[in-house]
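A.B. asks: starting from these lines, generate the structure:
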Amino acid sequence: MNITSFGEALQIKGSTLHRWYRDVLSDYAKDGGASVHRDDLKIQNGKKETVIEVPILRKENFGSKMAIDEKHLGEDFYTVVSNRETGKIAVLCKSVVFSEIKHILQQCQTQAEVVKSITRDFSSLFAKVCTELFPGAIQTGDKFHVIRQLMEDHQAVRIRYRQKELDKQRKAYQEFKTSEKLRLAECERTGERFKPGKFHCQEERLDNGETPLEILARSRYLLFKYQDQWTRSQQKRATTLFGRYPEIHQAYTLCCQFRDWLSKKNIGKHYLESDKQLHKWYEDVEIADIDELLNFKHLVETQEDIIRNYFIQGETNVIAEAINNKIQKFISSNQGTRDRDFFFFRLANYYA
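C.D. replies: So this is what the prediction gives:
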């Protein structure tokens, strides 16, 4: 709950209530502060000593199903290892460097051997961490990250066409400025009075009454949906959009096909059947020859093994993403992260 709102209900200043809570009401002051509970790690590299901040290290929170992700807190990036079954954080450390994460997780080597499956995104860092430090775990590429990348690449096609329309307007304006300069020079030569003209770009109106720029801007959300989810106005807009830009229609169709492939209905299917569908999709993307989707196809091809593991049990990184969202809400409603020690003390109590 937002501590300022709570303070207003009690007619107490939010910052005052926050200070009372930290120094008197909570166990923070009694236990000597958050630093008592932290497991900061010192690494000796020759004469140089590096201290890695480890606000949370709870060996008991390790389990058979884990997730690994990163979280941006303030200006720093943290690695978060969480238990997908309990939703509790096992490790939170201020590092995105493999050697440092390795030093931390080696303290939990016995617990790491218990991990049977781990979900992650497609960063090379987490690939190395999972392969070397969780050798007995099946790695699953998170469906959320796959679909998000797919939709970003699809939207990039729409944005490319919008930039082309903006480019037309820019060139038209440049031509207008050039003609105005020539007209000014002619007026100075002949002694006539120069009256500046006003730039006006005549935009085409499409079948639904929108200009190309308008329809490209307003089509963002309909491209996230399947056709049967469109409203009547979105159906009309999509018909006009796809008629004007066939490549966007082609990209939309390919995106829907991939989303159908990576869906719950295919969990448990024989891998040969899912492979056949996927390789057919690869062929369709090659034929379409759309750069943005070719880039996405390359991602899927290079990460195909861990993406396909989704069909074993339908495991996703949703718990890790949910924890990230909870932490973000926690930051928003609790005076940010200015008091880092107290923030991590509370975070450990709530989520670890």
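
A.B. asks: and the helices in the stretch 151-300 of the chain, which stretches?
C.D. replies: 212-218, 232-244, 246-261, 271-288, 291-302 (DSSP state H, counting those that start in this stretch).

A.B. asks: among these, which is nearest A137?
C.D. replies: The stretch from these with the least distance to A137 (C-beta to C-beta) is helix 271-288; that distance is 19.1 Å. No exception for glycine: its C-beta is placed from N, CA and C like everyone else's.

A.B. asks: compute the inter-axis angle for that closest one and helix 246-261.
C.D. replies: Angle, helix 271-288 to helix 246-261, by axes from the mean of the first three to the mean of the last three C-alpha atoms, to 10 degrees: 170 degrees.

A.B. asks: quick revisit: could you dump the helices of the stretch 151-300 of the chain to a markdown table with distance to T86 and mean pLDDT?
C.D. replies: Formatted as a markdown table, those follow (distance: least, C-beta to C-beta, whole Å; pLDDT from 0 to 100):
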| stretch | distance to T86 | mean pLDDT |
| --- | --- | --- |
| helix 212-218 | 43 | 91 |
| helix 232-244 | 41 | 92 |
| helix 246-261 | 30 | 94 |
| helix 271-288 | 30 | 91 |
| helix 291-302 | 31 | 94 |
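
A.B. asks: out of the ones you listed, which is closest to I89?
C.D. replies: Of all those, helix 291-302 comes closest under C-beta to C-beta, at 28.4 Å.

A.B. asks: show me what the next helix or strand after that closest one is packed up against.
C.D. replies: For helix 291-302, the succeeding helix or strand toward the C-terminus, using DSSP states H and E, is helix 304-308. When contacts are defined as 3 or more C-beta pairs under 8 Å, 6 or more residues apart in numbering; DSSP states H and E, helix 304-308 packs onto strand 138-141, helix 271-288.

A.B. asks: quick one: contacts of helix 304-308?
C.D. replies: R120, Q139, T140, G141, V146, L262, Y271, S274, D275, L278, V300 (C-beta atoms under 8 Å, 6 or more residues apart in numbering).

A.B. asks: could I get the buried residue list for that helix?
C.D. replies: Using 16 or more other C-beta atoms under 10 Å as the test for burial, helix 304-308 gives I306, I307, R308.

A.B. asks: likewise for stretch 69-77?
C.D. replies: Within stretch 69-77, the residues scored as buried using 16+ other C-beta under 10 Å are D69, E70, K71, L73.

A.B. asks: make a markdown table from these and add secondary structure, distance to E214 and pLDDT to it.
C.D. replies: Formatted as a markdown table, the buried residues of stretch 69-77 follow (DSSP: H, G, I helix; E, B strand; the rest coil; distance: C-beta to C-beta, whole Å; pLDDT from 0 to 100):
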| residue | secondary structure | distance to E214 | pLDDT |
| --- | --- | --- | --- |
| D69 | strand | 38 | 87 |
| E70 | strand | 38 | 86 |
| K71 | strand | 38 | 84 |
| L73 | strand | 39 | 80 |
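
A.B. asks: many thanks, have a good one.
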